[in-house]
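Q: pasted the sequence and its predicted model underneath.
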Amino acid sequence: MGQTDLRPKGTRVDTLNADGTWDRLGSIALLLHQAATQVWSDADRSAADSPLHDLGLGVYLAHSQASALLPDDYELPDVDEDPELEERTPLQLLTEAEELTRPLPLHRPDLVHGSQLVVDLCDLIREARGLGY
Amino acid sequence: MATDLRPAYADIDEELFDVDQIPMTSRDVRSVGEMLFDVDYLARQLLMDVDGDAAGTLLRSWPTMVAAAEDLWASLPGRRPAVDERDRTITSLSAQAATIEASLSGRTAWPGQGPTSPRIDQMTQTFLNAASLVRRYGAEIRHEQPDTHRDLEAARTRIMHGLYLTAHAVNVALHEHGRDRVNDARSAGRRIHLAQRHSPYAIAPTGVWIDRISACENTARSYLTDRFAQALAGEAMRPAEDPGRLAQALANWDIQTHRALARDLKPSNILLISRTQGLIAGASMVLVDAAATAGVLERSDRLVPAIADAGRSWSNLASRWGDLAPPGARLEEPLARAAAEVRAAYRQVTHDKTTLASPEVIARRPGLPQAVRATLRAIEAGSELAVVVAEKAAAPDLIGPARALSRRAHNDVEAGMATPPAEGDVVWVSPTDIFAKRLVPLPPPVAETLREASDATIDATSSASAVSTLHQREAMAATHDWDPALRGKTVPEAGRPPIATSTGPRR
């Protein structure tokens, strides 16, 4: 799987400080936004009752969960139209997002809903596999 | 972004788990923190891979895992001598798991005696190793210090997180197992009595285990989401089997969309509204099909095509609003919660966990008549919502990312969807704005097609609304017949009055 470093260039991710956590969450939000866009694009080419509509909404809501964990003043890393991001499948994007959640300090009060995000991502990955991604 | 981030787990080990703080044994070189992260990793893999075949082995393994987790929990230093509020969840979980173990012991009926799950066994052993390590060296830890106190809280969270993920995985496996049994019975031509609770596949003998594992899952989740007090009061979750759940979810969605649209709303929220309306249309088609199978509705040549048209128009509109919604955009929280509940409530009726159920299975769901009424009412209400959403498309101050709008403008003109410029090729968005990744006003072709997509949505949803109104009365009568409590009573007209298709100016 091709990988793209979504972090701002020249910035070392230090997971001991909050900024490392926010960058990680920001990358998760970006990946999930891209995954939702792609699933919906596939859904729009399918029937109106395709289960892809449901999957797309689930991914977009997970994106909103990740975004809601970010501080109000946080600005996402700049990855406008990253061609590598567009080349990845929704399953690859979801998997990368799940991998990025692993080091999140879920015990912190501001990340209290992180566990639910993890469970939802694992469910979405299983569902995406089941739908042929 | 690294693919394998497992080494990064150790990066955030805190003082309690630092290898300098707790010496490592020769047998297991992991720190306690690394062990807990390994449990997390294994639980995630389990949840992503789980299927119905594993249900029995997972169920047999669950009580031992909880016991090991409780052992580790008890080994953590700083435990208060009296009853400790923060221990209540693990104590409750342990009691639930112990009764499961007692029920499984000596049982010959499913799941019977047999192997356990290697993945859960590995997690269990990891908990035990961690407990052993902490007991050996925990006395040296100054647990009253703030950093250590925080580390202990982190350890408890990680333990409960692993249990939550695993309980959820066992629950998914049990549902899948029930589904496999239903499918096997149908293939063999045997009749099978579908369940009335949780999902149609929560059949005997798995249904009772789903109840018990769901209780464990809810207990673990309550610790993690800080809803412990509500969980104790029995208010943390709406019962999944509540047949009125979809009606309530859709009613709340109606309220939240109107509240949100009454304000100046960001495109990300309009995207969410449009996509959720698309989901409502798609799920309504599934429910109408199942209702026809069940005899709740007569098959109609008009209803499903009209709803499908409405769904497609919402999706087309949503894809255009999606151009204006950047990644990371915040959603209005009540709106996002309402959308999530709509999705969950539909899935309760139309899905078995992550899989769409067949119309025959949905047709036997106990809450189907109420669900059909609710979904038809939502389709009926969709036309009014389309009008309000269309007003947002006419706002003169809409802006979006330069590159996405440039591409959309070019594509719409190329496809003949927007009026071609008289002067030939036009650069709709300046390359400077694209390069600088600025937010720019909508180019004329994009504004034009957004308005046209909004008008098309009004038209499609008005047609669906009109047909839905007719069928709603039929569904209400069917509910009346199905529900003994309603027989002989007058059923009031539900929902809002039907909306006439407008023939005049739309806005």
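A: Looks like it arrived, so ask away.

Q: which SS class is the residue in the stretch 401-507 of chain B that chain A sits nearest to?
A: Nearest residue of the stretch 401-507 of chain B to chain A: residue B:437, at 4.9 Å (Cβ to the nearest Cβ). All C-beta atoms are positioned from the backbone trio N, CA, C, and that covers glycine. Secondary structure, DSSP: H, G, I helix; E, B strand; the rest coil: residue B:437 is coil.

Q: pLDDT at it, what is it?
A: For residue B:437, the model assigns a pLDDT of 84.

Q: show me what contacts residue B:368?
A: B:287, B:290-291, B:294, B:296, B:349, B:362 (Cβ atoms under 8 Å, 6 or more residues apart in numbering or on different chains).

Q: next one: residue B:263 from residue B:269, what distance?
A: 9 Å (Cβ to Cβ, to the nearest Å).

Q: which one of those two has more residues nearby?
A: Comparing residue B:263 with residue B:269 by other Cβ atoms under 10 Å in any protein chain shown, the one with more neighbours is residue B:269, at 24 against 9.

Q: close enough to count as contact, the more buried one and residue B:260?
A: Yes - between residue B:269 and residue B:260 a contact is recorded at 5.8 Å, counting by Cβ atoms under 8 Å.

Q: can you list residues touching both of these two?
A: Residues touching both residue B:269 and residue B:260 by Cβ under 8 Å, 6+ apart: B:332, B:335.

Q: can you report how many residues lie near residue B:444?
A: Using other Cβ under 10 Å, the number of residues around residue B:444 comes to 15.

Q: in the helix or strand hosting residue B:433, what's buried?
A: Residue B:433 is part of helix B:431-435, with elements assigned from DSSP states H and E. Buried residues in helix B:431-435, counting neighbours by 16 or more other Cβ atoms under 10 Å in any protein chain shown, are found at B:433-434.

Q: CA atoms only: put it into CSV for me.
A: Output of helix B:431-435 as CSV, limited to C-alpha atoms (Å, rounded to 0.1, in the frame of the first residue of the first chain):
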residue,chain,number,x,y,z
PRO,B,431,-4.7,29.4,-11.2
THR,B,432,-3.3,31.7,-8.5
ASP,B,433,-6.2,30.9,-6.2
ILE,B,434,-5.9,27.2,-7.0
PHE,B,435,-2.2,27.2,-6.3
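
Q: what pairs with the helix or strand just after it, parallel or antiparallel?
A: Scanning forward in sequence from helix B:431-435 by DSSP H and E, the next helix or strand is strand B:439-441. Paired strands of strand B:439-441, with direction, are strand B:399-401 (antiparallel) (DSSP bridges).

Q: for the strand it pairs with, what is the average pLDDT?
A: 92.

Q: cool, and stretch B:32-40?
A: pLDDT averaged over stretch B:32-40 gives 92.

Q: and if you look at stretch B:74-84?
A: 77.

Q: how far out from the middle of the chain is that stretch?
A: 36 Å (Cα atoms, centre = their mean, to the nearest Å).

Q: just the helices in chain A please.
A: Remark: helices assigned in chain A by DSSP state H are A:18-44, A:51-69, A:83-87, A:90-101, A:114-130.

Q: list the buried residues for the second one?
A: When burial is assessed from 16+ other Cβ under 10 Å, helix A:51-69 yields the following buried residues: A:51-67, A:69.

Q: what residues does the stretch 151-300 of chain B put near chain A?
A: Applying Cβ under 8 Å from any Cβ of the partner chain, we find that the stretch 151-300 of chain B lies next to chain A at B:153-154, B:156-158, B:161, B:164-165, B:168, B:172, B:221, B:224-226, B:271-272, B:275-276, B:278-279, B:281-283, B:285-286.
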